[in-house]
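# 3D model of this:
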Amino acid sequence: MYRQLVSKQAFLVALFGSLLVIPFFANDYDLYIANFILIYIILAQGLNLLIGFAGQLAFANAAMFGIGAYGTGLLMKHFGCPFWLAAPSGIAIAMGAGTLLALPALRLSGIYLALTTLAFAQFTLWLMMNWTPVTFGAGGFVPPPIDFSPLPLTQPVAMYFLSWIAALALFFVAKNAMESPIGRAFTAIRDHEIAAQSLGIDLYRYKTMAFAMSGFFAGTAGVLYTGVLGFVGPESFDLLQMVIHKAALVLGGIGSIMGAVLGGVALGVILEIVKEIKFSIEIAFGTLLLVFILFQPNGLVVFLKQWLPGWNEKLHYTSRKTNNKNGPKSVEKHENTKSSLKSSE
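Reported below is the predicted structural model:
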């Protein structure tokens, strides 16, 4: 009976409320893990906007994450910028990189867009490792410590509260965006790009917006990563990290704002368990991805809808295309696109 009273809002209050009180009883290591869970939540939200809602199959999330981290850390290291000035600059650089990635997305889609963005990610990683005078090479670097002196808090606790505020704020940014005409335009482009364009959606505008928003989220996560870890190196932004970030989206549920939150939490917990039992991360996540794709492709968020009848989030699952381009499903998607646009006017 009590399950029917548990709404999405109550679940969110319980989840973020429990994360808020962690610093009051956790040790520094537990706080470190919780900090990374918040960072993974932000990363998953940005990926979800781009892939789950806008339907752009891009593989540059780790690169934009790294650009945010490197942009912030290098400004602090080379120019002595305070964190509070370097952080927005790092986010802006990552957002700019995401905006540039929208250019190939106007002409490419599917596997071709994926390969193009993957090439960008690998080129970015190469720069991080080989542009030694600027990036300090494969060994990475230690940025100056962040000054939290006005606050009566230690740096780990202060960074945790900063991460918590960022994760909560960006959750509502994503939620409000997807409930607005922007979100309806994203899903229309994802479901049927040609139909969306024929109904008046500006593909250039909304694809650019999707990549820029994803870059903003990834850049914010990179800024927080720099402050939490106190070290920036290229190994944190390689191909494996890109796969792990995608895994968070698959685990939580693609096309669900709450699914991205669940995926970020699940990713942080699973990484810690794998580390404790000294198991291969590649094998662990490869197995998890196979299991979820085969048996639960819509992620953990589906269980919430089953267990909690009060849950009222509309899930925007990715469309499954058929070989018959003019078949009933294609017509149905066209009609859904048309109705979503009418509701946004």
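# Can you point out the buried residues in stretch 39-57?
By 16 or more other Cβ atoms under 10 Å, the buried positions in stretch 39-57 come out as 39-57. Just so you know, the C-beta spots here come from the backbone N, C-alpha and C atoms, and that holds for glycine as well.
# And stretch 21-29, by the same measure?
For stretch 21-29, using 16+ other Cβ under 10 Å, the buried residues are I22, P23, A26.
# can you list contacts of that stretch?
Outside stretch 21-29, the residues within contact range by Cβ atoms under 8 Å, 6 or more residues apart in numbering are D30, L31, A34, P156, V157, Y160, F161.
# if I look at R107, how far off is L127?
Using Cβ to Cβ, to the nearest Å, R107 is found at 25 Å from L127.
# Phi, psi for D147 please.
phi -90, psi 110 (degrees, to the nearest 10).
# residues contacting it?
So D147 contacts P82, F83 (Cβ under 8 Å, 6+ apart).
# Kindly report the same for L168.
Per Cβ under 8 Å, 6+ apart, neighbours of L168: F16.
# Please renumber the chain so that the first residue is 76 from this point on.
Okay, using 76 as the starting number, the last item reads as L243.
# And it, which helix or strand is it part of?
According to DSSP states H and E, L243 maps onto helix 230-253.
# Check which element follows that helix along the chain.
Following helix 230-253 toward the C-terminus (DSSP H and E): helix 256-266.
# Can you give me the buried ones in that following helix?
In helix 256-266, counting by 16+ other Cβ under 10 Å, buried: I257, G258, R259, A260, F261, T262, A263, I264, R265, D266.
# I'd like to know how far the fifth one sits from L125.
To L125, F261 is 9 Å away according to Cβ to Cβ.
# And the first one, by the same measure?
With the distance defined as Cβ to Cβ, I257 ends up 13 Å from L125.
# Likewise for the last one?
Distance, D266 to L125, using Cβ to Cβ: 15 Å.
# if we can go back for a sec, among the buried residues of stretch 96-104, name the ones in helices.
If you go by DSSP state H, those have nothing in helices.
# Name all residues that make contact with the nearest residue in space to L193 that is not next to it in sequence.
Of all residues not flanking L193 in the chain, F134 sits nearest, at 4.2 Å (Cβ to Cβ, 6 or more residues apart in numbering). By Cβ under 8 Å, 6+ apart, the contact list for F134 reads A189, T192, L193, A196, M317, K321.
# what's the single longest helix in the chain?
helix 278-304.
# from the chain's centre, how far out does that helix sit?
Centroid separation for helix 278-304 versus its chain: 8 Å, with Cα atoms, centre = their mean, to the nearest Å.
# before we move on, back to that, I'd like to know which of the contacts of F134 are part of helices.
Per DSSP H, these map to helices at A189, T192, L193, A196, M317, K321.
# Was I right to think the last one contacts G121?
No - in this structure, K321 is not within contact of G121 by Cβ atoms under 8 Å, at 11.9 Å.
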